[in-house]
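Student: Return atomic coordinates for the entry below.
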Amino acid sequence: MAMGPTARGRGAGRRPVLGSAAGRPQRGGGDRGVPRRHPPRRGVRGRGTLPCCPRSAHSRLLALPRGRPQRRRPAPALGSGRRRAWGEIMNALDIDVTPPDSRCYPPLAAVGLSPDPFDPIQDRACKLVDLYTLHVAIDLLRELADPALLACGASADDLLTKGGYVAAFRPAMGWLLGRAAAAGLDLSGPLPRTDRAAVRAACLAIAPSFVPAFTLMDEAAALYPRVARGEVNGDRALLMKASLWVAYFDNRNGYYALNNRVVTAAAAARAPAARPARVLEVGAGLGSATEALLKGLPAVERYHVTEPIPFFRRRAERTLRAAYPGVALEFGGLDVNGPWAAQGVRPADHTFVVGVNVFHLARDLVATLREAFEALEPGGWLVVGEAIRPHPEACVGAELPFQILQSYHAVETDPELRPTPGFLTAEGWTEALRRAGFTEIELVPDVVRLRDLWKGAMTAAVCGRRAQV
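Tutor: Numbers count the residues shown, from 1 in each chain. Model (predicted):
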């Protein structure tokens, strides 16, 4: 999805754990549209691990003016004050989000992604969801962070120590600080007032199908304090909310369905004309991407659906077998971090390997991509749907629910591919696929070309081919 504006400021004080860099295969295959280097860093500087500087009571008295003490101004509402550029605080009460640059639509139309699904309404709705995550982050900082420590530039570690929170909550606290920094918030004074209801109402007025996106944000936000205190495990508490995910991973949810539509368009454009496709889907969840691909691909000979969570897999199997009785469907579990052939995946036997929002969770990304490479027949395509981070330190609002999941952070980071867990940049994906042996690497749409026109993270299909013998 196009997920609204982002800026620098991810995970204040977080130090990446560097993974070992694999050897790079030789260049080749006509990689298109993606430079090798990350874009220059821009925007608001994130809050780093600045030491807290406690003030003595005497210094505060000396700073008072003579005469009557001045009353402290109340915190401004996010909707008050002047309009600001992206990367600064957005106007909440007026729901003031910047319309997209019209120049972004011809490149999207060229790959069949505009005017449907990418259009100004979709853009505004996604930006309002992103704005909502800012309001949620402010509310959580107000509840969880000591205001005196915030005022003197405390790090996530400082705030965890002061609050008595568990160490596992550190990434989430760092993300909250990064989200505030990305919005240009001045934390030295009172936090601004929020109006989540107004933002939600403005979005649902134009995109009523986005309800599950707001429900997910609210459910995750409600768990933040309990995860911080060590009362619950974030993975178990959030991932076991079955009805939440059934509604969210649904093609009727316009916020999520965009991922499936982009992947389907990219795969259909690469489908062989002479014969039906054999598809392996990784991390199929409840089957929404499967459904989209079965509708969008010209012909399918066999479709192998894999999903490690039994509840998701069983529900997907019931739904898909009933809807597509004439398709040869296979279902099984697959741990992407283990050898795929040992788990029943046929080597060199698939026209497509596909996955939506799953490959960025691989512990060793290049190793997992290599498993996908080995599963493809010569000439076969990897097509994965991912949110593309515009630059390495960009804070993406859609990551709010996943910051409390230990599984989200259980990956090997790499200074070139992914400095921190979560979504990758276009350059990171291109380099990862190159190391895994893929050629003809391309992102659909061309997010590098669009990066200066469409502010923030954008959904794309990351495509790479196993070369013909």
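Student: going forward, measure contacts and count neighbours with C-alpha atoms only.
Tutor: Noted.
Student: where does the stretch 1-150 of the chain have low pLDDT?
Tutor: Where the stretch 1-150 of the chain drops to pLDDT under 70, the residues are 1-95.
Student: If we use 90, what do you get?
Tutor: Applying pLDDT under 90 to the stretch 1-150 of the chain flags the ranges 1-100.
Student: Show me the chain divided up by domain.
Tutor: Taking automatic domain parsing as the criterion, the chain consists of the domains 76-248, 257-465.
Student: Would you single out the least confident of those domains?
Tutor: For the domains of the chain, mean pLDDT drops lowest on domain 76-248, to a mean of 89.
Student: quick one on the thing from earlier: highest mean neighbour count out of the domains of the chain?
Tutor: Among the domains of the chain, ranked by average contacts under mean count of other CA atoms under 10 Å, first place goes to domain 257-465 (a mean of 21).
Student: Measure how far that domain is from the centre of its chain, please.
Tutor: 14 Å (CA atoms, centre = their mean, to the nearest Å).
Student: And stretch 242-261, by the same measure?
Tutor: Centre-to-centre, stretch 242-261 and its host chain are 14 Å apart (CA atoms, centre = their mean).
Student: Any chance you could list what contacts it?
Tutor: With contacts defined as CA atoms under 8 Å, 6 or more residues apart in numbering, stretch 242-261 is touched by 1, 117, 126, 207, 209-213, 215-216, 239, 285-286, 288-289, 292-293, 356, 385-386, 459-460.
Student: give me every residue that touches residue 331.
Tutor: 304-307, 313, 317.
Student: So which of those residues belong to helices?
Tutor: Within the contacts of residue 331, residues falling in helices by DSSP state H are 313, 317.
Student: Would you map the strands across the stretch 301-450 of the chain?
Tutor: Secondary structure of the stretch 301-450 of the chain by DSSP state E, counting those that start in this stretch: the strands cover 328-332, 350-356, 376-388, 439-444.
Student: can you list those strands in a markdown table and add distance to residue 194?
Tutor: Compiled in a markdown table, those are given as follows (distance: least, CA to CA, whole Å):
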| stretch | distance to residue 194 |
| --- | --- |
| strand 328-332 | 45 |
| strand 350-356 | 33 |
| strand 376-388 | 27 |
| strand 439-444 | 36 |
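Student: Let me know whether residue 388 touches residue 428 as I believe.
Tutor: No. Counting by CA atoms under 8 Å, residue 388 stays clear of residue 428, with 9.4 Å between them.
Student: host element of the closest residue in space to residue 156 that isn't next to it in sequence?
Tutor: With sequence-adjacent residues excluded and distances taken as CA to CA, 6 or more residues apart in numbering, residue 156 is closest to residue 174, at 5.1 Å. Per DSSP states H and E, residue 174 falls inside helix 170-182.
Student: That helix packs against which elements?
Tutor: Applying 3 or more CA pairs under 8 Å, 6 or more residues apart in numbering; DSSP states H and E, we find helix 170-182 packed against helix 120-144, helix 156-163.
Student: Relative to the whole chain's centre, how far out is the very next helix or strand once past the longest one?
Tutor: Taking DSSP H and E as the definition, the helix or strand that follows helix 120-144 towards the C-terminus is helix 147-151. Helix 147-151 has its C-alpha centroid displaced from the chain centroid by 29 Å (CA atoms, centre = their mean).
Student: if we can go back for a sec, continuing past the helix holding residue 174, what's the next helix or strand?
Tutor: Helix 170-182 is succeeded, C-terminally, by helix 196-206 (DSSP H and E).
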